[in-house]
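Student: I would like the atomic coordinates for the input below:
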Amino acid sequence: MEKKYFDLHLHPLFKNFLSSYDGSIPPSIQTFEDLTQPVRMSNVFTSVVDELFIHILKSQSSIQQCKKGNVNYAVAAIVNLEFGFADSRGFFGTVLKSKFSNPLDKIFFEKVRNGEISYYRLMLMELSLYKKLRDHQESTIAILSRNSNKKALENGLNIILSLEGSHNFSKLLIGNPLQIDYIEDRFTDLKKLKKISQDADHLWREMIIDTENGEEPTANYNQNPAVNLEKFYKSLSKENMDLLYLTLTHLTHINEQFLATHAFGMKMLKHPSFYPFGNGISSLGYDVIEKCYSMTNHKNEYRPVLIDVKHLGLKSRQDYYDFRKTLIQKEKKYEKIPIIASHIGVTGYTVNEWKNALKRNSCTVYNYEGTRAVSIEMEKKICGKWGSFVNNDFTFNPWSINLMDEDITEILNSNGIIGMSLDVRILGFQSEYGISLTSENEYLSTADFHTHFPQITVKNLPLNTMESMIVENESWLIPTKEDRHPLSFCFNIIHIIQVGLLKTDIAEPWNQICLGSDFDGLIEPLKISPDISSLEELEANMIKWIPVAEKAYVNENGGTRILFGKSTAELKKIVRGIMYENGKNFIDRWLNNFAG
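Tutor: Residues are numbered from 1 along each chain as shown. From the prediction side, this is the model:
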């Protein structure tokens, strides 16, 4: 019997979507076969380019690869091309928009960079591809929903939808906070608009037109993100579709719709929007969270949307946990809504330990066109030691995009789930290429820096310009010698287990861990698992290395050795849970609205 697999966060259609710009909704260009195949990024790569970073672009999770790898449940995150990516500078940004990254359609980059399209329209364009997959008569793909009676496929591919970044439902033209994207290039007159309002299916009629009594849209068109999210969800539910979770932020600051300060997570691309802005969750962000918790479908049936803490800055995560407690005090049923982290690593620190790990002399304030951010660097925490060779220390990645111990306890105690990323940079590897962790600096907004380090006066820190970062030698291209070993993946898992055992009353915290690969999301994957079809090899390596990681971790950091003494059969059961059962059980609970 073939093993089945679960993934809490991947992008199975993202590269297919970006390979062919089609302004119509639903799209007409790409066929069912086009959507299911992996994308060959180019046949003209030089060996140097391929070695440097094309392996990042090649890490995929196409429908065909999901089926080949026997993925039974896949949470497909819809995320659209942000302005910071389209307008990025630096070596990788240049190549991303060049012939070397063929067949990515450069029209996407141009329309986003020139402000000719909204994030909302981009999201609908990608969403329509999933609908096309579902509705194809020969499809063996199910899109699971609490708004449908359709059962999960026993042996096929079950897709659950999520949104990565709330900018997905911003209807403003990108870069223009005063102009709504009315999709005017498709609807040329009011008669045609009304005709489509009568004939189109619910999804496109209500999501795109969104008029009152068939009247033409006006300048008073509502741009409250909580209202837009609710309208979007109700239209989605009429199409028997659903959302598992919403990630409030992604990798850039979105001027059109600021909901929360994001965590810095991108060194390969150069653009000021990648640097954090603000001081936690905004009032609009709180409105969106409350709407997610109180969401109902078009039949007024309760359908909460989960909040994913990935990409939230540390202050934003702390704001969310506090606000969640306030919401639970108002409405007891909200207590059953779990917290999730969809594709994550760990810092290895508590918040106070992380603050004390700051290298004070490394702090620098950067300025660029009015944007200010503070560069910080942390001492890396050792996971454990393995091997007799030189430099045998394994360390966590201390960037605050990763989980602190307090995050782990909040998620576990909420009966939530943590998806482990397969990005070597998130896991703490000295990446051979990509982000060089020999230079461990990340960035905080000046307000967040003051919140976490009030004893340090920002105005007394040395100043630098972001222009210098754009023109400086890109150190991430310099190879390092540390091996990318599956042991580091296991160290991240062991830390979550140890925090759960020591700081919660949960007896088996490994039951709340799953895979959240982030394939197709510009990750640098483990060598043993270059794409989604290779999860069986990852599972075998986990069985081998988890007890080794636990022993080394406890020897270095203390704790309880639980897994090391277990039989091979018991270890296989625990690993099988992480690779499949835990995620499947979580989705079963979600389909039942977390009742009971």
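Student: did I read that right, residue 553 in a helix?
Tutor: Yes: using DSSP: H, G, I helix; E, B strand; the rest coil, the assignment for residue 553 is a helix.
Student: correct me, but it touches residue 386?
Tutor: No: the pair residue 553 / residue 386 is not scored as a contact, 10.1 Å apart, by C-beta atoms under 8 Å. C-beta here means a position set from N, CA and C on the backbone, and glycine is covered the same way.
Student: which of the two has more neighbours?
Tutor: Neighbours were counted for residue 553 and for residue 386 using other C-beta atoms under 10 Å; residue 553 has more, 25 against 18.
Student: so for that one, what's the pLDDT?
Tutor: Residue 553 carries a pLDDT value of 96.
Student: list the contacts for it?
Tutor: When contacts are counted by C-beta atoms under 8 Å, 6 or more residues apart in numbering, residue 553 touches 383, 384, 491, 494, 495, 498, 559.
Student: again, but for residue 142
Tutor: When contacts are counted by C-beta under 8 Å, 6+ apart, residue 142 touches 134, 150, 151, 152, 153, 156, 157, 158, 159.
Student: in the stretch 301-450 of the chain, which spans are helices?
Tutor: Along the stretch 301-450 of the chain, counting by DSSP state H, counting those that start in this stretch, helices occupy 314-330, 351-356, 405-413, 424-427, 446-452.
Student: in the stretch 351-500 of the chain, where is pLDDT below threshold?
Tutor: 369-370, 388-391, 430-440, 465-484 (pLDDT under 70).
Student: over to the stretch 51-200 of the chain?
Tutor: 51-57, 90-103, 137-138, 183-200.
Student: what segments of it are strands?
Tutor: With DSSP state E, counting those that start in this stretch as the criterion, the stretch 51-200 of the chain has strands at 71-78, 141-143, 157-164.
Student: got the phi and psi for residue 10?
Tutor: Main-chain torsions, residue 10, degrees, to the nearest 10: phi -150, psi 170.
Student: what's around the nearest residue to it once chain neighbours are set aside, how many residues?
Tutor: Leaving aside its sequence neighbours, residue 10 sits nearest to residue 61 (C-beta to C-beta, 6 or more residues apart in numbering; 4.3 Å). Residue 61 has 28 neighbours, counted by other C-beta under 10 Å.
Student: that older thread, out of the helices of the stretch 301-450 of the chain, which one sits most buried?
Tutor: helix 424-427 (a mean of 26; mean count of other C-beta atoms under 10 Å).
Student: report all helices and strands that that one contacts.
Tutor: Applying 3 or more C-beta pairs under 8 Å, 6 or more residues apart in numbering; DSSP states H and E, one finds that helix 424-427 contacts helix 486-503.
Student: got the buried residues for the helix it packs on?
Tutor: Within helix 486-503, the residues that count as buried by 16 or more other C-beta atoms under 10 Å are 486-501, 503.
Student: who are the packing partners of that helix?
Tutor: Of the remaining helices and strands, those touching helix 486-503 by 3+ C-beta pairs under 8 Å, 6+ apart are strand 382-385, strand 393-395, helix 405-413, strand 417-420, helix 424-427, strand 513-515, helix 535-557.
Student: and those as TSV, adding distance to residue 39?
Tutor: Converted to TSV, those look like this (distance: least, C-beta to C-beta, whole Å):
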stretch	distance to residue 39
strand 382-385	35
strand 393-395	34
helix 405-413	33
strand 417-420	23
helix 424-427	22
strand 513-515	22
helix 535-557	20
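Student: what's the closest of these to residue 234?
Tutor: With C-beta to C-beta, the closest approach to residue 234 among the helices and strands packed on helix 486-503 belongs to strand 417-420: 26.5 Å.
Student: okay, now the sheet partners of the closest one, with direction.
Tutor: Using DSSP bridges, the strands paired with strand 417-420 are strand 340-344 (parallel), strand 513-515 (parallel).
Student: nearest to residue 594, out of the helices and strands packed on helix 486-503?
Tutor: With C-beta to C-beta, the closest approach to residue 594 among the helices and strands packed on helix 486-503 belongs to strand 417-420: 11.8 Å.
Student: tell me which residues are up against the closest one.
Tutor: Residues from elsewhere that reach strand 417-420, judged by C-beta under 8 Å, 6+ apart: 7-9, 338, 340-345, 403, 408, 411-412, 489, 492-493, 496, 512-516, 578, 582-583, 586.
Student: and if we set it to 7 Å?
Tutor: Strand 417-420 has contacts (C-beta atoms under 7 Å, 6 or more residues apart in numbering) with 8-9, 338, 340-344, 411, 489, 492-493, 496, 512-516, 582, 586.
Student: pretty sure residue 123 sits against residue 77.
Tutor: No: using C-beta atoms under 7 Å, residue 123 is not in contact with residue 77; the gap is 11.2 Å.
Student: compare the two (neighbour count), which wins?
Tutor: residue 77 (30 against 21).
Student: show the contacting residues for that one.
Tutor: Residues near residue 77 by C-beta under 7 Å, 6+ apart: 9, 10, 11, 162, 164.
Student: dump the residues you listed into a markdown table; add distance to residue 36 and neighbour count as well.
Tutor: Shown next, in a markdown table, are those (distance: C-beta to C-beta, whole Å; neighbours: other C-beta atoms under 10 Å):
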| residue | distance to residue 36 | neighbour count |
| --- | --- | --- |
| 9 | 20 | 31 |
| 10 | 14 | 30 |
| 11 | 14 | 25 |
| 162 | 20 | 22 |
| 164 | 21 | 28 |
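Student: count of neighbours near residue 543?
Tutor: Neighbour tally, residue 543, other C-beta under 10 Å: 15.
Student: quick one: it and residue 356, what's the gap?
Tutor: 36 Å (C-beta to C-beta, to the nearest Å).
Student: most tightly packed of the strands of the stretch 51-200 of the chain?
Tutor: strand 71-78 (a mean of 26).
Student: adjacent strands (with direction) for that one?
Tutor: Here, using DSSP bridges, strand 71-78 pairs with strand 5-10 (parallel), strand 157-164 (parallel).
Student: kindly provide the whole-number mean pLDDT of the shortest one.
Tutor: I take that to be strand 5-10. Mean predicted confidence for strand 5-10 is 98.
Student: chain center to that strand, what's the gap?
Tutor: Distance of strand 5-10 from the chain centroid (C-alpha atoms, centre = their mean, to the nearest Å) equals 12 Å.
Student: and what of stretch 449-463?
Tutor: Centroid separation between stretch 449-463 and its chain, computed with C-alpha atoms, centre = their mean, is 29 Å.
Student: then stretch 113-129?
Tutor: 18 Å.
Student: same deal with stretch 17-27?
Tutor: With C-alpha atoms, centre = their mean, you get 22 Å for stretch 17-27.
Student: and if you look at stretch 328-337?
Tutor: Using C-alpha atoms, centre = their mean, the offset of stretch 328-337 from its chain centre is 25 Å.
Student: could you do stretch 270-280 as well?
Tutor: Offset of stretch 270-280 from its chain centre (C-alpha atoms, centre = their mean): 17 Å.
Student: where exactly do the strands run in the stretch 251-400 of the chain?
Tutor: With DSSP E, counting those that start in this stretch, the ranges of strands along the stretch 251-400 of the chain come out as 306-308, 340-344, 364-368, 371-377, 382-385, 393-395.
Student: sheet partners, orientation included, of the longest one?
Tutor: Just to be clear, that refers to strand 371-377. Strand pairing for strand 371-377, using DSSP bridges, gives strand 364-368 (antiparallel), strand 441-445 (antiparallel).
Student: for residue 298, which of those strands is the nearest?
Tutor: Checking the strands paired with strand 371-377 against residue 298 by C-beta to C-beta gives strand 441-445 as the closest, at 38.6 Å.
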